[in-house]
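Participant: Sharing a model prediction with you, sequence too.
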Amino acid sequence: MLRLAYALLLGVVGAGIVHIAVLFLLPYYTERDAWSQLSAASEFYAVTHIGGSAATTPLVRSVDPLFTAVACRFDLADGVLHVKAPGRAPFWSMSVYDRNGQNIFSFNDRTASDGSVDFVVLTPVQTIEVRKALPEEFVDAVFVEADIDQGIVVIRAFVPDRTWRGAVTRFLESVSCSPR
């Protein structure tokens, strides 16, 4: 009887380990992840609406209808990524994800120096090179050092009510995402 209980316990623990391993490996083996869907919808450095009413590619199915989002895929082998947007929104947040969807860095308008979207994503090696001769366009930018080759930048903006929809849409449409 003790051997049967031991065998059952071992089987349950083994099944639990297998199930947990499958859940953790799923993002690495799926073909319908955010990277593949975004790459089918747009090229590198193209700002694409991914959430909210203006979404051309509904990658983000947000439970909060008061947010809208844009995304931009990038490759740091082409140079540092400079993301900038003139104007303001009531609230915005920015996240950098690697190719597998792991969040590398996040911040929002409250943590940016002047509340505007102006940041540079670069590798540690590129950081050293840029700091040697800082371009004037990067003087006020927030530097995001990411040890990745390719990734996705997502910018979400808050739309408090219908009267803000046009302003927030214009704000997100003005986002530029380009290598330097």
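Facilitator: Received, thanks.
Participant: distance between the worst-scoring helix or strand of the chain on mean pLDDT and the chain's centre?
Facilitator: The helix or strand of the chain with the lowest confidence, counting by mean pLDDT, DSSP states H and E, is helix 34-41 at a mean of 79. Averaging C-alpha positions (C-alpha atoms, centre = their mean, to the nearest Å) puts helix 34-41 13 Å from its chain's average.
Participant: same question, stretch 145-155
Facilitator: Worked out by C-alpha atoms, centre = their mean, stretch 145-155 lies 7 Å from the chain centre.
Participant: Need the residues that contact that stretch.
Facilitator: 34-35, 38, 50, 60, 69-77, 81, 83, 85, 92-99, 104-105, 117, 121-124, 127, 172, 175, 177 (C-beta atoms under 8 Å, 6 or more residues apart in numbering). Any C-beta I mention is one placed from the backbone N, CA and C, and that applies to glycine too.
Participant: what inclination does the longest helix along the chain have with respect to helix 34-41?
Facilitator: Ranked by number of residues, the top helix in the chain under DSSP state H is helix 2-29. Orientation check (axes from the mean of the first three to the mean of the last three C-alpha atoms, to 10 degrees): helix 2-29 against helix 34-41 gives 30 degrees.
Participant: in a helix, that's where residue 104 is, yeah?
Facilitator: No - per DSSP: H, G, I helix; E, B strand; the rest coil, residue 104 lies outside any helix segment and is strand.
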